[in-house]
Structures are given as C-alpha cells and as structure tokens.
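Q: Requesting a structural model of the entry that follows:
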Amino acid sequence: MSISARAVDALISSNRILVVGPSGSGKTYLSRRLGELLDRPVVHLDTCFWRPGWISTPQDEWRRVVDGLIRPARWIMDGTYESTFQVRLAAADAVIVIERSRWSCLWGVLRRTMTHGNALRPDAPPGQPIDRAFLRYIWRYPGHTRPLVRHLLAEHGRHTTVVVLDSAKDIDRLVLQCEAIPTSSESTRPESTTA
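A: Numbering: from 1, shown residues only. Here you go, the predicted structure:
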C-alpha cells in the first residue's frame, strides 16, 4: 500500500503521534525510527505500565501516569492500551494503526524473544512471560481490540491524521517516505500547550 504524500506531510508535521497495533506487529521498530527521523521523544507504554517482574500498574494509578505522559508538546507513543486509548487519542495529532495478521504478530513475538531473550529491551522490562494470556491477547486482537480501536477513531479521532499499515512492507515504505523528507523540514503547526 502506498501512503499518500499528503498523509506523510501531515504525519511529519504532527507533534504527537500514537502508534497502535497488536503485540509483535512492529510498533517499537516504527516508533524508534520515526523518533530518530522526526526528532520526537519516544514513549514506550510497556516500560511505563509494567513493573519489574511484569507486575502491572493498577488502573487508577495508570490513568494518572498516562495523564502525565500526554502533557509534553511532542512525542511518539508506542502502545495500544485500550483502557487509556481515548485519553491519548484526544491529545494526539496523528495515529498510526498497524493491522497485521495474527501469524505475523506471533512470529514477531517469537523473533523478539529469540533476539532479546530475558535481556533488557528498549521498549519493555526484561523477562516478558509468553504465557497463555499473552498469546490469547494477540490471537483475539483482530476480532476484539481492532474493532474497538476503529470505533474510537471514528468517534473521537476526527481531528487526527490516521495512517493504516497492513504489513511489514507498509512499515518500511513509511520509513522510507519519511527518510526522503529533507531534514530541514520543521513542523509548521504551533506546538500544543497544556493547561
């Protein structure tokens, strides 16, 4: 799929970009590359939500954490996290939705596990358990989480640029298109302020 020059321009001029999709879909790779190319700080939600030993942050506390994460004027935020998606969507200028197949995502998780093992990853604490609940989340994503993301985008994301990527090739194409933009390009949009 080719991404229009207009969509790429809108993405490049966005100060706050969400990258969402299933585990193993390529969110971290894309977020890190865009962070380098667009000079935006990258926030990996897994590093903020999961405590050592993969203990989750309680939901009331997580909401406060997310409220703090969305305050800065510029970021690329990697992670779906349905419970706070609407809050992050309201703060975002653009959303990149990765919609890859279950098998591609499972392969992505397997490859990541073989590459990193229990070592520290750039996007999450070490030692992620590849258990039944995690695999079930990936398997159920197309039928459960993806429709929710689409619904929230339709209902609350009218102010945002939305780019949908269906494959690893789409991710690579987007990176190449962003690399082709001259580095002197700066956002023409005024930076957001927080109250």
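
Q: So what's the residue count around residue 58?
A: 8 (other CB atoms under 10 Å). For every residue, glycine as well, the C-beta is placed using N, CA and C.

Q: Look up how far residue 49 lies from it.
A: According to CB to CB, to the nearest Å, residue 58 stands 10 Å off from residue 49.

Q: Phi first, then psi, for residue 16.
A: Main-chain torsions, residue 16, degrees, to the nearest 10: phi -130, psi 120.

Q: could you list every residue that touches it?
A: By CB atoms under 8 Å, 6 or more residues apart in numbering, residue 16 lies in contact with 70, 73, 74, 75, 77, 91, 92, 93, 94, 192.

Q: Please repeat the previous calculation with a cut-off of 7 Å.
A: By CB atoms under 7 Å, 6 or more residues apart in numbering, the contact set of residue 16 is 74, 75, 91, 92, 93.

Q: what's the answer for residue 46, then?
A: Going by CB under 7 Å, 6+ apart, residue 46 touches 79, 123, 124.

Q: least trustworthy helix or strand in this structure by mean pLDDT?
A: helix 102-116 (a mean of 84; mean pLDDT, DSSP states H and E).

Q: Counting by contacts, list what it packs against.
A: On a contact count with 3 or more CB pairs under 7 Å, 6 or more residues apart in numbering; DSSP states H and E, helix 102-116 meets helix 132-140.

Q: No more questions from me, cheers.
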